[in-house]
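>>> need coordinates for the below:
(2 chains)
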Amino acid sequence: MTLQEKYKNLVDTATTSGVSNLKVREQDGVLYVDGDTSGAVKQQLWTLYEKIDPNFLSGDLVMNISSVAGVNEGAKLKVTTNRSNLNIRKGPGTDHEIIGKAARHEIVSLIRKENDQWWVIKTDDGEEGYSYTQYLTPIEN
Amino acid sequence: MKKLITSFLGIAILVLAISISSCKSKPKDADIKAAIEKALAADPMSAGTTVTVEKGVATIAGECKDEMCKTHCADMVSKIKGVKSVVNNCAVAPQVEIAADDPLAAAVNDAIKDFSGVTATVTDGIIKLGGTIKKDMWMKLKPVLDGLKPKKVDPSGLTIN
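Numbering: from 1, shown residues only, chains lettered A, B, ... in the order given. This is a model prediction of the structure:
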């Protein structure tokens, strides 16, 4: 079975669920699926992926589906760390000094997107700096 | 003089015979197309290409992996009997963008920081994971790693429970 066949259901779902900029390519035994969508569709696709390939053990799919491409400056973001507070740093990287913290589940504002991993945020207390996007979830209307 | 005429006639007949026979053995477009398709199908590099033939001119189209593959495909087609020339309309598929190791390794370290018990190494764009992780945490971590543009995420050394 080819990778396209193995993940056909996933790619079909991405196509019909309205994933924009959808790109599906196969290279050196790995299928790459890229695109932008909502948080709900992203979750749906990841659930489907795990169903086709339990625990993602095969390592034959890299799914880069972003649900934050449409998030604009000024958007409200919820801090969704696993348990700790979110570090606010001086620069984009964990090698930069911590200049503030945002509590778990606190709501902060997006000031600017540095890159896909690091955004400049501002807390209600006025603390501003770089935080890791992994722990920031846009509040969807 | 008569001898000369005879030999001329002989040559003329011979030329005619050759041209007739070559005309007879000239493959039809459909046959050429079938031969090319057979050759393309047997060649793994040429997967994803299609061909049309008109008056011996073969036009190949589709997606090739890279420039080398595109040249190879046209080369192979040009050698097939009956092909006068090849029009190469193959497009080279855009390469998947893979992050360089150093920034990728730094980004991976940032990503796994909040997942205690997980280790990762990065070689040639492949993120190899080790350690232990809870399943719900793994469901959160894998999307983050895939977003870093790795070549591959290899969890074979990771214990998921």
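>>> what segments of chain B are helices?
B:2-25, B:29-41, B:67-78, B:101-112, B:135-146 (DSSP state H).
>>> give me the distance between the residue nearest to residue A:41 when sequence neighbours are not counted and residue A:124.
Excluding its sequence neighbours, the residue lying closest to residue A:41 (Cβ to Cβ, 6 or more residues apart in numbering or on different chains) is residue A:17, at 4.7 Å. (Glycine included, C-beta is placed from N, CA and C.) According to Cβ to Cβ, to the nearest Å, residue A:17 and residue A:124 sit 35 Å apart.
>>> those two: which is more packed in?
residue A:17 (16 against 10; other Cβ atoms under 10 Å in any protein chain shown).
>>> isn't that one up against residue A:37?
Yes: applying Cβ atoms under 8 Å, one finds residue A:17 in contact with residue A:37, separated by 6.9 Å.
>>> domain ranges for the chain?
Using chain A here. Domain ranges of chain A: A:3-66, A:76-138, per automatic domain parsing.
>>> my question was about chain B, not that one.
B:27-92, B:101-160.
>>> for chain A, what lies in contact range of chain B?
A:25, A:27-28, A:30, A:32, A:42, A:46, A:50, A:55-57, A:59-60, A:62-66, A:81-82, A:84, A:93-95, A:116-117, A:132, A:134-135 (Cβ under 8 Å from any Cβ of the partner chain).
>>> remind me which residues of chain B are low pLDDT?
Regions of chain B meeting the criterion pLDDT under 70 cover residues B:1-26.
>>> residues in contact with the lengthiest helix in chain A?
Ranked by residue count, the top helix of chain A under DSSP H comes out as helix A:39-52. Contact with helix A:39-52 is made by A:6-7, A:9-10, A:13-14, A:17-19, A:37, A:56, A:61, A:63, A:65-67, A:137-138, A:140, B:139, B:142-143, as judged by Cβ atoms under 8 Å, 6 or more residues apart in numbering or on different chains.
>>> can you give me the strands in chain A?
For chain A, the strands defined by DSSP state E cover A:20-27, A:30-36, A:61-66, A:76-79, A:86-89, A:98-102, A:107-113, A:118-122, A:128-132, A:136-138.
>>> adding mean neighbour count and distance to residue B:72 as columns, could you present those in a markdown table?
Putting the strands of chain A into a markdown table (neighbours: other Cβ atoms under 10 Å in any protein chain shown; distance: least, Cβ to Cβ, whole Å) gives the following:
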| stretch | mean neighbour count | distance to residue B:72 |
| --- | --- | --- |
| strand A:20-27 | 14 | 18 |
| strand A:30-36 | 21 | 23 |
| strand A:61-66 | 22 | 27 |
| strand A:76-79 | 18 | 50 |
| strand A:86-89 | 22 | 50 |
| strand A:98-102 | 17 | 54 |
| strand A:107-113 | 17 | 42 |
| strand A:118-122 | 21 | 43 |
| strand A:128-132 | 23 | 45 |
| strand A:136-138 | 18 | 47 |
